[in-house]
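[1] Got a predicted structure here, sequence first:
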Amino acid sequence: MTDLMPIKEILATPTRSLILRIPWLCAAAAFAAAQPIPAAENQVTGDRLATSDGDVIIHPVNHASLILTWKDKIIYVDPVGGGNRFGTLPKPALILLTDIHGDHLNLDTLAAVANDKTVLVAPAAVAEQLAPALRKQTTVLTNGETRMVLGVSIEALPMYNTTPNRLQFHPKGRGNGYLLTLGGKRLYLSGDTEDIPEMKGLKNIDVAIVCMNLPYTMDVEQAAQAVRVFRPKVVYPYHSRGSDLEKFKKLVGDDLGIEVRLRNWYQ
């Protein structure tokens, strides 16, 4: 018996017998049986940003929480909501924390998702609230500082309120927005802020992830105006509960070549 069987004989032969009678099929069947079937869990899905060194995947989680993947790096931003929310997702190598408020910082969630190799980046006000073990794993950045962490360039940017009746929510210097450089692409995470001069002064932003909700940050008019000033190639509104995102998209417009992507941050 050779590997080449007449087609009529192949069609008439039961599958199990056919595999046993044809060596290469037998080997292929054994190889397939030995391979694990990819699970639906532990997969990070989302929009892809092509860089010079692999794609960045942008995965909304909820409100201010999101996941970025780049090469072999899993980056969590402000993970809250308990460990179960992240239970089917890969563990982070890097966690970015922006502020002390409960929708950005939850100690129980951090304890559930981090391990002893996870690196955290946070402002001092956040680091002071971490458990001692996690504090030792934390790189503290103040506004304006840049650090290379796990091969990722991270610049801490200001995030604060400017409207008089909102000043108590986010004083200048306490929290961090972040500018990440990944494979030559520049990704801006606003954190909780209004349309501050530091945001409007940004240059060459490939992706901006920008907050908007009252009374804590800014309204869609402020956010749209700021976006039209610094002109990212792509903008995602997030941290936007209660905001009219279609209005935001309309106000940004399409005359400046800015792509507004509306995604589900409130599943």
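    Alright, I've got the coordinates.
[2] Please enumerate the helices of the stretch 51-200 of the chain.
    Per DSSP state H, counting those that start in this stretch, the stretch 51-200 of the chain carries helices over the ranges 107-113, 124-127, 132-136, 197-200.
[3] buried sites along the second one?
    Buried residues in helix 124-127, counted by 16 or more other CB atoms under 10 Å: Ala125, Val126, Ala127. Backbone N, C-alpha and C define where each C-beta goes, glycine included.
[4] just the first one next, same as before
    Buried residues in helix 107-113, counting neighbours by 16+ other CB under 10 Å, are found at Thr109, Leu110, Ala112, Val113.
[5] Specify which member of these is nearest to Thr217.
    Thr109 (21.4 Å; CB to CB).
[6] I'd say Lys99 and Leu189 touch.
    Quick fix: residue 99 reads Asp, not Lys. No. Using CB atoms under 8 Å, Asp99 makes no contact with Leu189, being 11.6 Å away.
[7] related to what we said a few turns ago, JSON lines for the helices of the stretch 51-200 of the chain, including mean pLDDT and distance to Leu182?
    Compiled in JSON lines, the helices of the stretch 51-200 of the chain are given as follows (pLDDT from 0 to 100; distance: least, CB to CB, whole Å):
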{"stretch": "helix 107-113", "mean pLDDT": "97", "distance to Leu182": "21"}
{"stretch": "helix 124-127", "mean pLDDT": "98", "distance to Leu182": "22"}
{"stretch": "helix 132-136", "mean pLDDT": "96", "distance to Leu182": "24"}
{"stretch": "helix 197-200", "mean pLDDT": "97", "distance to Leu182": "20"}
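[8] where in the stretch 1-150 of the chain is pLDDT low?
    1-42 (pLDDT under 70).
[9] now the strands for it?
    Remark: strands assigned in the stretch 1-150 of the chain by DSSP state E, counting those that start in this stretch are 47-49, 56-62, 65-70, 73-77, 94-96, 119-122, 138-140, 146-149.
[10] Switch the ones you listed over to TSV; also include distance to Ile209.
    Formatted as TSV, these follow (distance: least, CB to CB, whole Å):
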stretch	distance to Ile209
strand 47-49	11
strand 56-62	8
strand 65-70	7
strand 73-77	8
strand 94-96	11
strand 119-122	16
strand 138-140	21
strand 146-149	19
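[11] what's the closest of those strands to Pro237?
    strand 56-62 (10.7 Å).
[12] what's the angle from the closest one to strand 73-77?
    For strand 56-62 against strand 73-77, the angle between stretch directions is 30 degrees (axes from the mean of the first three to the mean of the last three CA atoms, to 10 degrees).
[13] sorry, back to before: may I ask which two of the buried residues of helix 107-113 are separated the most?
    The distance between the two most remote of the buried residues of helix 107-113 (CB to CB) is 7.3 Å, for Leu110 and Ala112.
[14] ranges for the strands of the stretch 151-267 of the chain?
    For the stretch 151-267 of the chain, applying DSSP E, counting those that start in this stretch gives strands covering 152-157, 177-182, 185-189, 207-211, 234-238, 259-260.
[15] Return the most buried member of these.
    strand 207-211 (a mean of 25; mean count of other CB atoms under 10 Å).
[16] can I get the strands of the stretch 1-150 of the chain in TSV with distance to Tyr216 and mean neighbour count?
    Formatted as TSV, those follow (distance: least, CB to CB, whole Å; neighbours: other CB atoms under 10 Å):
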stretch	distance to Tyr216	mean neighbour count
strand 47-49	26	16
strand 56-62	16	20
strand 65-70	16	23
strand 73-77	17	22
strand 94-96	19	24
strand 119-122	19	23
strand 138-140	24	18
strand 146-149	27	13
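[17] right, and the ones you listed - which one's nearest Gly173?
    Between Gly173 and these, the tightest spacing by CB to CB is seen for strand 138-140, at 12.9 Å.
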